[in-house]
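# after the sequence you'll find the predicted model.
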Amino acid sequence: MEFKHTPVLFEEVIRELRIKPDGIYMDGTLGGGGHSEGICKKLNRQGVLLAVDRDVDALEASRKRLNDFKCNIQFIHSSYSNEELIFEEFNKVDGILLDLGVSSFQLDNANRGFSYMSDAPMDMRMNEEDKFTAYDVVNGYSEEKLTEIIRDYGEERWASRIANFIVNEREKEPIIRTVELAEIIKKAIPAAARRKGPHPAKRTFQAIRIEVNGELSHLKKAMEILPNHLNSGGRMAIISFHSLEDRIVKEAINDRLNPCTCPPDFPICVCGKKTDIKKVSKKPILPSSEEIDSNPRARSAKLRIIEKL
């Protein structure tokens, strides 16, 4: 299958990373290589791109896409939170990009099981070498655990009802296809609620995908460690697509901006901890209406950028 990829907030990312021709940059979510292509266009032969992705298909497709560039490209099969592997050769970089969530290719490839619009096995693995799949979550988790992840990761108000319907259906026979799950979710949500908002299965599929891939734990770790690997003046750009991701990014930035651990009643700081970053923009950068019209998946995107002092 051809790897289709429309990079979100492309112009804004390339502009704000302030790419130096001989700099070292990390794209932690390579995907279809759209953002990386923009980075490579600004690098010379001395420039380096660390191209990271958990998905082997993404790495293979982007290797072809970026083949003609003369900069030093290192393709790394890994999560963006794998500090030891990514920074094995280059400990410091001049810029980092994280474009969070599931890629367009993964959504559009029906066999991967990410989409509630296609009939596919219950998979949802970003790294197909992993053993744990959506099947294990849907057919193995207790009703209480299902309720918890659908509520917390999907922010779904009907979480307990959906979990109950899933458990009742799987007692008859295992749920093995995405269309089966989507139909169960649809039945669980009252008709009046289904008529409003997005597809009824959207939030639950998001929750299961996040659980399968440990997305939020990887993000929390990355937000803690990746800024340590920025050179002074280097920037980190993070694109999030839902409130759970954005909350983690925003809180991690605020914690780093305010590292003091002194008790609140202390008149002055005695712990000596000072911030090592600054915000590039006070508010997140949002896609233009023109971009949303041409690429609807950009609708919920938020770009936050920090700079190392």
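It's in.

# so how far does stretch 83-103 reach from one end to the other?
For stretch 83-103, the first-to-last residue distance is 22 Å (C-alpha to C-alpha, to the nearest Å).

# again, but for stretch 222-239
For stretch 222-239, the first-to-last residue distance is 13 Å (C-alpha to C-alpha).

# who touches it?
Outside stretch 222-239, the residues that touch it by C-beta atoms under 8 Å, 6 or more residues apart in numbering are 8-9, 13, 16-18, 26, 28, 80-81, 83, 87, 91-100, 248-249, 252-253, 256, 276-277, 280, 301-309. C-betas here are computed from N, CA, C, even on glycine.

# give me the buried subset of those residues.
8-9, 13, 16-17, 26, 28, 80-81, 83, 87, 93-100, 248-249, 252-253, 256, 277, 280, 301-308 (16 or more other C-beta atoms under 10 Å).

# coming back round to it: so which of the contacts of stretch 222-239 belong to strands?
Residues of the contacts of stretch 222-239 located in strands (DSSP state E): 26, 93-99, 277, 302-308.

# how about low-confidence regions in the stretch 101-250 of the chain?
The model of the stretch 101-250 of the chain has pLDDT under 70 over residues 105.

# residue boundaries of the helices in it?
For the stretch 101-250 of the chain, the helices defined by DSSP state H, counting those that start in this stretch cover 104-108, 134-140, 143-154, 159-172, 178-188, 191-194, 202-213, 215-225, 243-257.

# which residues does the shortest one contact?
Identification of contacts with helix 191-194 by C-beta under 8 Å, 6+ apart yields Arg157, Trp158, Lys186, Pro200.

# please redo it, this time with the cut-off set to 7 Å
Residues from elsewhere that reach helix 191-194, judged by C-beta atoms under 7 Å, 6 or more residues apart in numbering: Trp158, Lys186, Pro200.

# look up phi and psi at the closest residue in space to the first one that isn't next to it in sequence.
If you skip the residues right next to it in sequence, Trp158 has Ile189 as its closest partner in space, 5.1 Å away by C-beta to C-beta, 6 or more residues apart in numbering. Summarising the backbone geometry of Ile189 under the convention degrees, to the nearest 10, its torsions are phi -90, psi 130.

# residue contacts, the closest residue to Thr133 other than its chain neighbours?
In this structure, Thr133 finds its nearest non-sequential neighbour in Asp123, 5.1 Å apart by C-beta to C-beta, 6+ apart. Asp123 makes contacts with Arg112, Gly113, Thr133, Ala134, as judged by C-beta under 7 Å, 6+ apart.

# wait, the first one sits on Ser104?
No: at 11.7 Å, Arg112 and Ser104 do not qualify as touching, with contact defined as C-beta atoms under 7 Å.

# looking at the two, which is more packed in?
Taking other C-beta atoms under 10 Å, Arg112 and Ser104 do not tie; Arg112 has more neighbours (24 against 18).

# ok, now how distant is the more buried one from Pro121?
9 Å (C-beta to C-beta, to the nearest Å).

# just say helix, strand or coil for Ile73.
strand (DSSP: H, G, I helix; E, B strand; the rest coil).

# can you report how many residues neighbour it?
21.

# find the nearest non-adjacent residue to it, please.
With C-beta to C-beta, 6+ apart as the criterion, Ile73 has its nearest non-adjacent residue at 4.8 Å, and that residue is Leu49.

# show me what counts as buried in stretch 249-263.
In terms of neighbour count (16+ other C-beta under 10 Å), stretch 249-263 has its buried residues at Val249, Lys250, Ala252, Ile253, Arg256.

# give the contact list for the last one.
With contacts defined as C-beta under 7 Å, 6+ apart, the neighbours of Arg256 are Pro227, Thr275, Ile277.
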